[in-house]
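J.: Sequence and predicted structure are below.
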Amino acid sequence: MSLNSPFQLPLFQRRTTLFIVWLLAAWPVSGSVGGDDPAEADRMTTVRVTAVVLPLAPRLLARTTGEAILIEADLPPTVQSVFSVVPAGQGQWTIVLATYDGAMLATYQYPLSIGNLPIPPAPGPQPEPTPVPPISGLAKTARDAAIETVPANGRSDEAAILASAIESVLQRGEADYTGQDKLTDPSALRSAMPSAAAKALGKARERWIAWSEKVAVEMDRLQAAGALADFAAYRAAYRQIVHGLREVK
Amino acid sequence: MLDGQPVAGEYSFGSQPPTDLMGWLGLDEEKRSMARLEELGLTAPLADVLPRVATDEPAGPPVWDLARALFGGQHMPTPRQETGDCTCVAEKVQKQFRQVVQIVEEHREQKYRPVFAPFTYYAARQKVLQGRIRGAGATGAAVAEAVTRYGTLFEDDEGVPAYSGPIADLWGNGGGGVERFEGVAVDNPVRKVVRLRTVDEIRLAIQARRLVLIASSRGFRMQPVAYRGFHVFVPQGTWMHQMTLLAWMDDPFPAAYRGNQWGPHAHGQPLHGEWPGGAWNRAEDLEQELRGKYVEVYCYWDFEAEPGPPDHRVVR
């Protein structure tokens, strides 16, 4: 049996990659790729691929490249594979993946939706879209302080770098930072921030010292008010700072 | 063989070593103290602690530069012993620089406080060595046990007198009401003592930002020589003495910077802004010293210094 024979649209066979140019042209893309890592999902936000049909199905990764959607299956290089896309309604398709490892042929199906579909029937009032809450609190302080104190040239990129550095400390959780103490208490968390920030910012560190002082004043105030009472509260506060930094233009 | 003329400069003791400031009791006492320290589980091999801090990042500035950052550009003052309490004044140097590293480089929320060595001298001689030493001195292991079990008294703790030889001797012999400070000092112990046996271990410990205490019978000329652009100690004679290794360099030659505590001018002026009162000690000379019968080398891995207020600055 030919590996291609059951499928309507064999598109790309040597690598496990599927290009869907014409779908993207027809509908705006929204949603996100499934996956365990939220950061990865954020980076690759374009297409929703969910509901694996068979257990142990290969994971699909999707991203856009200009006007195209590029979908790849996570397979070892020794496994041959082929994709096909089958229409399943307005804005809905089924991706069919077939794999052959030299001994066994297997097929997998993945539902695919593109755009804000399915579109609900027209009659009746449309629900109000949930408003995005305005940036506030420590996030706003972090954003505004950056705009106020850091020179504009390169600021946005540096803010993103600093945000990632703070996030990396938060993710360390239980990791060692001095050889004995672990990041399990507020003091250890606070102490781990400057080294991570300095390492990430490099020569730009000096540009962010005034920002740091301003944010620290707000954190001092929050702490005095009892809002930073434990490790969880500190983690939430630093997450807000990350959010604010990501809003810096 | 290292040789040459001493570098011109101020030498507070001239060329004669002050033997009355040497107070290391040597190997017999050391063996007893070390066995006790290990029995109490207060030491760890380097391999147990090092992997947690091992890093491929380039070494930072020497610790004396970190201290300058903390002290407004000034060096940390070099202590000047006034009696045979070398083991405890070297321990003071080690704990003070450890505080600097913990505050400046590890960003721990701690307050720097200068250490008062005579309390440790008391704890080592009276609590650990149980008062059986008649003359001056202690051992590195006894001091290590003292700082882990009995803590640290600071110069600015209430009621602490100014340092002097007579006070150190008085407290070292259990006088002067020193025991009233036991409850104060106990809050600030050293957490772990690591015993080092090779030059490579010394290098690794220093690169992990620990200072190294070295006590031995190795003596040096008081006046170092200029060797390949650095002030270098020339081994000579016998000193029953403890000092501190503060920094390591590989180029232009492998060496540790050996700080003494006989004041800033005991060994002239270092040539590259190093901490005053010491000189570089070549790796090959250290190697030879470690092969000797009378030597003990420790570092204090973590010091429970005085907690400071929360510091919310993300970038410092």
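T.: Sure, I can see it.

J.: when you scan the longest helix belonging to chain B, is anything in it near chain A?
T.: In chain B, assigned by DSSP state H, the helix with the most residues is helix B:86-100. No: with CB under 8 Å from any CB of the partner chain as the criterion, chain A is not reached by helix B:86-100; the gap is at least 11.5 Å. From N, CA and C alone the C-beta is placed, and that goes for glycine too.

J.: Near the nearest residue to residue A:106 once chain neighbours are set aside, how many other residues are there?
T.: Once flanking residues are discounted, residue A:106 sits nearest to residue A:99: 5.1 Å by CB to CB, 6 or more residues apart in numbering or on different chains. Residues near residue A:99, counting by other CB atoms under 10 Å in any protein chain shown, number 20.

J.: Double-check residue A:228 against residue A:186; I have them as touching.
T.: Yes: the criterion here is CB atoms under 8 Å, and residue A:228 meets it with residue A:186 at 7.1 Å.

J.: Need the overlap of contacts for these two.
T.: residue A:234 (CB atoms under 8 Å, 6 or more residues apart in numbering or on different chains).

J.: re the thing from before, tell me how far the residue nearest to residue A:106 lies from chain B.
T.: Per CB to the nearest CB, to the nearest Å, residue A:99 is found 40 Å from chain B.

J.: ok, that residue - contacts?
T.: A:58, A:73, A:75, A:79, A:80, A:81, A:105, A:106, A:107, A:108.

J.: Buried residues, the particular helix or strand that has it in it. List them.
T.: Taking DSSP states H and E as the criterion, residue A:99 maps to strand A:92-100. Buried residues in strand A:92-100, counting neighbours by 16 or more other CB atoms under 10 Å in any protein chain shown, are found at A:93, A:95, A:96, A:97, A:98, A:99.

J.: And stretch A:195-209, by the same measure?
T.: For stretch A:195-209, by 16+ other CB under 10 Å, it's A:195, A:196, A:197, A:198, A:200, A:201, A:204, A:205, A:207, A:208.

J.: In helices, which of these appear?
T.: A:195, A:196, A:197, A:198, A:200, A:201.

J.: ok, and for stretch B:204-222, which residues are buried?
T.: B:204-222.

J.: actually stretch B:102-116, not the one I typed
T.: Buried-residue list, stretch B:102-116, by 16+ other CB under 10 Å: B:102-110, B:112-116.

J.: Near chain B, which residues of chain A? Just list them.
T.: So chain A meets chain B at A:162, A:166, A:176-180, A:186-187, A:190-195, A:197-198, A:201, A:205, A:208-209, A:211-213, A:215-216, A:219-220, A:223, A:241 (CB under 8 Å from any CB).

J.: Which members of those residues occur in helices, if any?
T.: A:162, A:166, A:186-187, A:190-195, A:197-198, A:201, A:209, A:211-213, A:215-216, A:219-220, A:223, A:241.

J.: Restricted to buried residues, select those residues in ChimeraX.
T.: Buried members of these, defined by 16+ other CB under 10 Å, are picked up in ChimeraX with:
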select /A:162,166,186,187,190,191,192,193,194,195,197,198,201,211,212,213,215,216,219,220,223,241
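
J.: Domain parsing of chain A, as residue ranges.
T.: A:17-113, A:137-246 (automatic domain parsing).

J.: picking up where we left off before, which members of the contacts of residue A:99 occur in strands, if any?
T.: Of the contacts of residue A:99, the ones assigned to strands by DSSP state E are A:73, A:80, A:81, A:105, A:106, A:107, A:108.

J.: follow-up on the earlier one: which one of the buried residues of stretch B:102-116 is nearest residue B:310?
T.: Relative to residue B:310, the closest of those is residue B:109; by CB to CB it sits at 6.1 Å.
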